[in-house]
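A.B. asks: When you get a sec, could you give me coordinates for this:
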Amino acid sequence: MVDFVEAMKRPFIDLKKAFIGVLLGSIPLVNLTVIGYTLVSSGFTKEKVEKHSLPEWSNYGDLFMKGLVAALIGFLLFLPNSLVLFGAFGTVTSSPAVSQMLGGVSPETWTRLIEGQITDMQMEDWFAQNWTQLVPLLLSATPYLILGSTLALLASYVMPVVILAWLKEDNIGAGFSWEVVNKTMSMDYLVNWVAVALFGMIVSALFGRIPFLGTGISMYVAGVFSYTVFSEIYESV
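C.D. replies: Numbers count the residues shown, from 1 in each chain. Coordinates of the predicted model:
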């Protein structure tokens, strides 16, 4: 049984390390280093870390590379979803109905739209006049949207164990084995995955809008918490 209270406390047990994580997490691209740090906090890398402590901030190049590889794994997992959504976009934009609607827009109107001179009311009037043509387009794209959303949900569901398997075996291919994916099929994993997702949403809602540091706070706190929980679940399922 995962101790969620301790997992929630863990990002804050060393305020100096937390401050570094928040600061680096607020800088685009550099924040890959924070992702790498949260992965090391799992204790699944060669830098063994106890659950009641946090790893040192050191070897930033290695942390950055770990974050980069994790981002690559995420890209591979979400690629099917992206291809399906791209198909939905292509279905809508290639429809003759879209060409007919857009063809009726004068060059002057396009120019005004680009320059931001079209009011919200004018846009609403245009949609009110053309909504009957938009409905069939949306209906034709609905199967793609449902499939794309399902694939995105599955990708986010299995991603933690895929990444942990890579860390544990030091082999990206290890994360895509059936043995690893099978770990996600227990009720224990499902419950904890939902808990982590809810915690991440709460943290993002509380801190995400803070200027500059909001993203860093969310990334560091949710990241350390998530991999604290998932590392325990990975070993038990």
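
A.B. asks: And the pLDDT for residue 141?
C.D. replies: Note on residue 141: pLDDT of 76.

A.B. asks: Need the three-state assignment for the residue nearest the centre of the chain.
C.D. replies: The residue lying closest to the centre of the chain (Cα atoms, centre = their mean) is residue 156, at 7.2 Å. Following DSSP: H, G, I helix; E, B strand; the rest coil, we place residue 156 in the helix state.

A.B. asks: What average pLDDT does stretch 81-98 get?
C.D. replies: 73.

A.B. asks: Oops, could you answer that again for stretch 48-55 instead?
C.D. replies: For stretch 48-55, the per-residue pLDDT averages 84.

A.B. asks: can you tell me how far residue 200 sits from residue 179?
C.D. replies: 27 Å (Cβ to Cβ, to the nearest Å). C-beta here means a position set from N, CA and C on the backbone, and glycine is covered the same way.

A.B. asks: likewise residue 3?
C.D. replies: 27 Å.

A.B. asks: Can you pick out the residue with more neighbours from these two?
C.D. replies: Comparing residue 3 with residue 179 by other Cβ atoms under 10 Å, the one with more neighbours is residue 3, at 13 against 8.

A.B. asks: where does this structure dip in pLDDT?
C.D. replies: 91-137 (pLDDT under 70).

A.B. asks: Helices of that one, start to end?
C.D. replies: For the chain, applying DSSP state H gives helices covering 4-9, 15-25, 32-40, 60-93, 96-103, 107-114, 120-169, 178-181, 187-207, 213-236.

A.B. asks: Summarise which helices and strands the fourth one is packed against.
C.D. replies: What it means is helix 60-93. If contacts are counted by 3 or more Cβ pairs under 8 Å, 6 or more residues apart in numbering; DSSP states H and E, helix 60-93 sits against helix 32-40, helix 120-169.

A.B. asks: isn't residue 165 right up against residue 174?
C.D. replies: Yes. If you go by Cβ atoms under 8 Å, residue 165 and residue 174 touch, sitting 4.8 Å apart.
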